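Visitor: Quick check, what structure comes out for this input:
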Amino acid sequence: MIRTALFPLLLAFAPLSIAAAPETLDDGFEQAQLVGTLQLQGELFHVQGVEMRGDRIWVTSVDNRQHRGFLHEFDRAGHFLRRLELTDGARYHPGGLSVAGGSIWVPVAEMRPDSSAVLVEIDAQSLEVRRRIRVADHLGCVAASGRHLVAANWDSRQFYVLDLADKEPLRIVPNPSPTRFQDMKFVGDRLVAGGYVSWVSGAVEWLDWPTLRVRRTLRAGAVGPVRPFGRGGPLTGEGMAVNGRDLYVLPEDGPSRLFHFRLDETA
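Guide: Now for the predicted structure:
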């Protein structure tokens with residue numbers, strides 16, 4: 001693969017007053033331009049995932065101090081609307097989320113590898129829980145599309161593929177990429193996933209469905225899981241959403257800003 005240098009991004013956030021967040025962020029995505037940011041109002045903890053549909057933004061976060069997990073809902077102006085607690089006993093770590101067919105899917109897991117998780121289906125309008133699917137492993141993110149769910153375990157070593165219309169057991173597939181995905185979505189006939197590669201680098205990747213072959217990789221700077229609180233410029237973050245050429249990342253714990261990037265045509 002031809003290595004394309006990351007271009008620096010420099011942005012001064014004069015209208016924002018976030019004491020804990022830096023005023024400039026220097027790391028960016030290759031083949032993308034920073035369009036702007038949106039301040040999310042309201043309490044957030046350690047951000048895990050973000051998803052956007054219509055006039056709504058949903059964010060998952062974990063309160064590690066109190067061992068509690070939440071789904072937060074905002075409008076597209078960043079105003080807090082409501083939240084749902086997802087804590088399920090020892091399972092309090094909500095991961096990267098996905099929306100499909102009027103449902104929000106969130107994995108809620110124990111905070112350790114090789115443990116257990118529940119895939120929770122939530123009604124996007126009422127935020128009522130529709131069903132829970134138990135899995136004997138830690139799951140850190142899930143993508144939903146029609147009848148299919150694809151979830152990744154701790155460090156995304158494996159994908160769990162579930163056909164909701166089939167009684168067959170979960171299919172387990174090795175992750176073909178070294179990237180440790182934190183949030184992923186179905187976008188058309190591709191699976192788009194973002195995560196960290198090393199202590200100082202991350203990536204967003206496009207994988208074919210259902211073969212799960214990696215078709216494109218966009219490199220970026222350091223990522224949330226490998227920096228305290230995800231601060232200091234890690235623009236891939238743990239929360240990622242994609243809409244066409246628009247890429248959104250939520251790399252900061254509360255108070256959080258949603259960063260909007262526009263991908264180049266070739267991306």
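Visitor: Helices of the stretch 101-250 of the chain, residue ranges please.
Guide: With DSSP state H, counting those that start in this stretch, there are no helices along the stretch 101-250 of the chain.
Visitor: That one: strands as residue ranges?
Guide: Secondary structure of the stretch 101-250 of the chain (DSSP state E, counting those that start in this stretch): strands at 103-109, 117-123, 129-135, 139-145, 148-153, 158-163, 171-174, 180-187, 190-198, 201-208, 214-220, 239-243, 246-250.
Visitor: right, and residue 114 touches residue 138 too?
Guide: Yes: if you go by Cβ atoms under 8 Å, residue 114 and residue 138 touch, sitting 6.7 Å apart. C-beta: built from backbone N, CA, C; applies to glycine.
Visitor: who's more crowded, the two?
Guide: More neighbours surround residue 138 than the other of residue 114 and residue 138, with 22 against 10 (other Cβ atoms under 10 Å).
Visitor: for that one, what are its contacts?
Guide: 93, 109, 110, 112, 113, 114, 115, 116, 117, 153, 154 (Cβ atoms under 8 Å, 6 or more residues apart in numbering).
Visitor: I'd like to know the beta-bridge partner residues of the residue positioned nearest the centre of the chain.
Guide: In the chain, the residue lying closest to the centroid (Cα atoms, centre = their mean) is residue 183, at 2.8 Å. The partner list for residue 183 in beta bridges (DSSP bridges) reads residue 194.
Visitor: ok, now how distant is it from residue 60?
Guide: 9 Å (Cβ to Cβ, to the nearest Å).
Visitor: Any regions of this protein where pLDDT drops low?
Guide: Scanning the chain for pLDDT under 70 picks out 1-27, 199-200, 221-237, 266-267.
Visitor: shouldn't residue 144 be in contact with residue 187?
Guide: No: with contact defined as Cβ under 8 Å, residue 144 does not reach residue 187; the gap is 12.0 Å.
Visitor: who has more neighbours, the two?
Guide: Using other Cβ under 10 Å, the more surrounded residue of residue 144 and residue 187 is residue 144, with 26 against 16.
Visitor: how far away is that one from residue 103?
Guide: Separation of residue 144 from residue 103 (Cβ to Cβ) stands at 7 Å.
Visitor: Pull the contacting residues for the residue sitting furthest away from the middle of the chain.
Guide: In the chain, residue 167 marks the outermost C-alpha relative to the chain mean, sitting 28.0 Å out by Cα atoms, centre = their mean. The contact partners of residue 167, by Cβ under 8 Å, 6+ apart, come to none.
Visitor: ok, it to residue 117 distance?
Guide: Using Cβ to Cβ, we find residue 167 at a distance of 20 Å from residue 117.
Visitor: now do residue 156
Guide: For residue 156, the distance to residue 117 - Cβ to Cβ - is 14 Å.
Visitor: Between the two, tell me which one has more neighbours.
Guide: Neighbours per residue (other Cβ under 10 Å) separate residue 156 from residue 117, with residue 117 holding more: 27 against 23.
Visitor: Flag every buried residue along stretch 189-208.
Guide: Going by neighbour count (16 or more other Cβ atoms under 10 Å), the buried part of stretch 189-208 is 190-197, 201-207.
Visitor: Closest one of these to residue 215?
Guide: Using Cβ to Cβ, residue 206 is the member of these that sits closest to residue 215, with 4.9 Å.
Visitor: what sits opposite the closest one in the beta ladder?
Guide: Beta-bridge pairing of residue 206 under DSSP bridges involves residue 192, residue 216.
Visitor: give me every residue that touches it.
Guide: 187, 190, 191, 192, 214, 215, 216, 217.
Visitor: mind running it again at 6 Å?
Guide: Going by Cβ atoms under 6 Å, 6 or more residues apart in numbering, residue 206 touches 190, 192, 215, 216.
Visitor: Among the residues you listed, which pair sits farthest apart?
Guide: The largest distance within those, taken as Cβ to Cβ, falls between 192 and 215 and amounts to 10.2 Å.
Visitor: one step back: what residues do residue 183 and residue 60 have in common as contacts?
Guide: Common contact partners of residue 183 and residue 60 (Cβ under 6 Å, 6+ apart): residue 49.
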